[in-house]
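S.K.: coordinates only, sequence not included:
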């Protein structure tokens, strides 16, 4: 089967062999890895939060800066590292180091592009924000000793500065038209206002001081509690109040009316760069739109077949209405939804050895989405564990508005977010020993989200979706990702209105109307991110078909999954080359399958 995807330019450079150079292979590799190490050290210095997340705890009392000076400094550093990379000849490097160099270049170029386009002036979208992310601090910080708690409080005391810097950046965005669209901003201030509390003890940031671990001596605890109360009252609550006021009084009234990314400064170039970032391929918006339409037509045929299997008497649209409105398909309590998600995930745990040779050591939990962000949050998400295995991964399930959380989607959602989806892939990536740190802790959306959607499909092989309604839920989720190709490009390249997006999703998926509305705002506010899922999944399934056809009886799905996952998160063109080499190895000296 001929691929419909073109590899990115970075892969072309990666595989090109240049003219002979005076550098030896050892010199080139040494220079390259020294560059990797210095850039990674600089990255951790600029982002103490990232350092904490990867287990480097010497700056746990600081927060990074988003001041103009800090942003310019990071841009200068990125350009300098790119210049150094240009000076290292690639022709003498190993295949693995060429891959490392290509991914390193892509990350630096993306950082430079982000600064050039001014993406720091929009530090949030309908799905995520810097202020909601900061509220996860009690869960993302080591809190075992007195020093840990002191560092945590020191970090909280930097929050007013961070809020001031971010407000200043957003004001610059308001001046130049670099804002979110007004239509997605209704209620956005609520996620900040949730942290404006009357008593410090009511704050989410006070949680570490309600119960201390054994590593904090009794004689230190009262002092820490007093400091926590004072810090929350003086630094946290006023800063969230300032932010909520700014969003209400300045940002929302001044935000742009247009939806598409092309309405932003240099918007066409910005959207093209976002497409390249999230897909890792050289695809145009027009090409992606066409792929999406083709996939929607194919999946709709499979959905009709399920409706016929159920002997439903009515139209496709009437079946969707039936699924959205019949109470049998919805949980009665949050506990029921979490229990069902946990059961599905545990059931899949037992099936993993038949499909995978290599499994991660890190466990995961199933938890509800935090209340403060749940109303506008997606139906579920995976939150990675802490480096070193000191904190498990988390599969978040949204228990807000239970009448909008259909159980027929839950198998697909659970396989995507937990195992064999994001937890398995992400935890394995973090445990790899043969990749540089910048890759071990990186996430390439087309690979990761493509793997998540492939994992939903893999559930068929694992014995899930035996109930026709659940299988329709799986198809709804696949259709949802196909629709994303149509509506994301529709919004950001072809001038679609918000209502066009809502109508298209409602006509083609069994998503609840609440989910459709929150997802629509997500696509409007996060250009091109939604493209990663289907583009990545199509490539992985294409490569699996190619391996099955080439290897015949020699094809082993466990070996194939190792070949996909054990090189880490990579651009799709690199993945294709990896699977080509896997096929060649599996064929052996004879050069042909049995």
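M.R.: The structure has been received and is ready for your questions. Note that the structure is a prediction, hence the values are computed from the model and not measured.

S.K.: make it CA atoms for all contacts and neighbour counts henceforth
M.R.: OK.

S.K.: could you pull out the strands for the stretch 451-594 of the chain?
M.R.: Counting by DSSP state E, counting those that start in this stretch, no segments of the stretch 451-594 of the chain form strands.

S.K.: which regions of it lie under the pLDDT threshold?
M.R.: 589-594 (pLDDT under 70).

S.K.: ok, now with 50
M.R.: 593-594 (pLDDT under 50).

S.K.: again with the chain
M.R.: 1-2, 9-10, 12-21, 593-594.

S.K.: need the contact list for the residue sitting nearest the centre point of it.
M.R.: Most central in the chain under Cα atoms, centre = their mean is residue 445, positioned 6.2 Å from the mean C-alpha point. Counting by Cα atoms under 8 Å, 6 or more residues apart in numbering, residue 445 touches 278, 279, 529, 532, 533.

S.K.: and which of the residues you listed is nearest to residue 154?
M.R.: residue 529 (34.3 Å; Cα to Cα).

S.K.: once you drop chain neighbours, what's closest to that closest one?
M.R.: Leaving aside its sequence neighbours, residue 529 sits nearest to residue 278 (Cα to Cα, 6 or more residues apart in numbering; 5.8 Å).

S.K.: hmm, that neighbour is touching residue 528, no?
M.R.: Yes. Using Cα atoms under 8 Å, residue 278 is in contact with residue 528, at 6.4 Å.

S.K.: what about these two, which has more around it?
M.R.: residue 528 (26 against 23; other Cα atoms under 10 Å).

S.K.: ok so, going back, checking the residue nearest to residue 529 next. Helix, strand or coil?
M.R.: Residue 278 falls in the helix class when you classify it by DSSP: H, G, I helix; E, B strand; the rest coil.

S.K.: look up how far residue 272 lies from it.
M.R.: 10 Å (Cα to Cα, to the nearest Å).

S.K.: what's the answer for residue 114, then?
M.R.: Taken as Cα to Cα, the span from residue 114 to residue 272 is 13 Å.

S.K.: same check, this time on residue 525
M.R.: 16 Å.

S.K.: check residue 281 too.
M.R.: 11 Å.

S.K.: find the helix or strand that the residue lying farthest from the centre of the chain is a member of.
M.R.: Relative to the C-alpha centroid of the chain, counting by Cα atoms, centre = their mean, residue 219 is the outermost residue, at 42.3 Å. Assigned by DSSP states H and E, residue 219 belongs to helix 218-231.

S.K.: tell me what that helix is packed against?
M.R.: helix 146-157 (3 or more Cα pairs under 8 Å, 6 or more residues apart in numbering; DSSP states H and E).

S.K.: helix or strand right after the helix it packs on?
M.R.: helix 159-176.

S.K.: who are the packing partners of that following helix?
M.R.: So helix 159-176, by 3+ Cα pairs under 8 Å, 6+ apart, packs with helix 237-246.

S.K.: what's the angle from the helix it packs on to helix 159-176?
M.R.: Here helix 237-246 runs at an angle of 10 degrees relative to helix 159-176 (axes from the mean of the first three to the mean of the last three Cα atoms, to 10 degrees).

S.K.: and helix 237-246, how far out from the chain's middle?
M.R.: How far helix 237-246 lies from its chain's middle: 27 Å, per Cα atoms, centre = their mean, to the nearest Å.

S.K.: what packs against it?
M.R.: helix 159-176, helix 190-193.

S.K.: pull out the buried positions in the longest one.
M.R.: It refers to helix 159-176. 159-174 (16 or more other Cα atoms under 10 Å).

S.K.: pull the residues that contact the helix holding residue 219.
M.R.: Taking Cα under 8 Å, 6+ apart as the rule, helix 218-231 contacts 146, 149, 150, 153, 156, 157, 200, 201, 206, 209, 212.

S.K.: can you give me the buried ones in that helix?
M.R.: Applying 16+ other Cα under 10 Å to helix 218-231 flags 221, 224, 225, 228, 229, 231 as buried.

S.K.: of residue 525 and residue 272, who's got more company?
M.R.: Between residue 525 and residue 272, counted using other Cα under 10 Å, residue 525 has the larger neighbour count: 26 against 20.

S.K.: now do the same contact list for the more buried one.
M.R.: 125, 126, 180, 181, 184.

S.K.: just these now: which is nearest residue 494?
M.R.: residue 181 (16.1 Å).

S.K.: which one is the closest one nearest to, not counting chain neighbours?
M.R.: Counting by Cα to Cα, 6+ apart, the residue nearest residue 181 is residue 256, at 5.0 Å.

S.K.: the one you found: neighbour count?
M.R.: Residue 256, neighbours per other Cα under 10 Å, totals 18.

S.K.: could you do residue 109 as well?
M.R.: 17.

S.K.: one more: residue 151?
M.R.: 21.

S.K.: against residue 99, how distant is the residue nearest to residue 529?
M.R.: In terms of Cα to Cα, residue 278 sits 18 Å off from residue 99.

S.K.: now residue 555
M.R.: Distance from residue 555 to residue 99, by Cα to Cα: 25 Å.

S.K.: ditto for residue 291
M.R.: 28 Å.

S.K.: could you dump the contacts of helix 218-231 to a markdown table with distance to residue 69?
M.R.: A markdown table is the format used below for the contacts of helix 218-231 (distance: Cα to Cα, whole Å):
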| residue | distance to residue 69 |
| --- | --- |
| 146 | 34 |
| 149 | 30 |
| 150 | 28 |
| 153 | 25 |
| 156 | 22 |
| 157 | 21 |
| 200 | 33 |
| 201 | 36 |
| 206 | 32 |
| 209 | 35 |
| 212 | 39 |
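
S.K.: most surrounded residue in the residues you listed?
M.R.: So for the contacts of helix 218-231 (other Cα under 10 Å), the most neighbours sit at residue 149, 25 neighbours.

S.K.: what sits against that residue?
M.R.: By Cα under 8 Å, 6+ apart, the neighbours of residue 149 are 143, 208, 224.

S.K.: picking that back up, with distance to residue 240 added, can I get the contacts of residue 445 in a markdown table?
M.R.: Below are those laid out as a markdown table (distance: Cα to Cα, whole Å):
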| residue | distance to residue 240 |
| --- | --- |
| 278 | 31 |
| 279 | 35 |
| 529 | 28 |
| 532 | 33 |
| 533 | 34 |
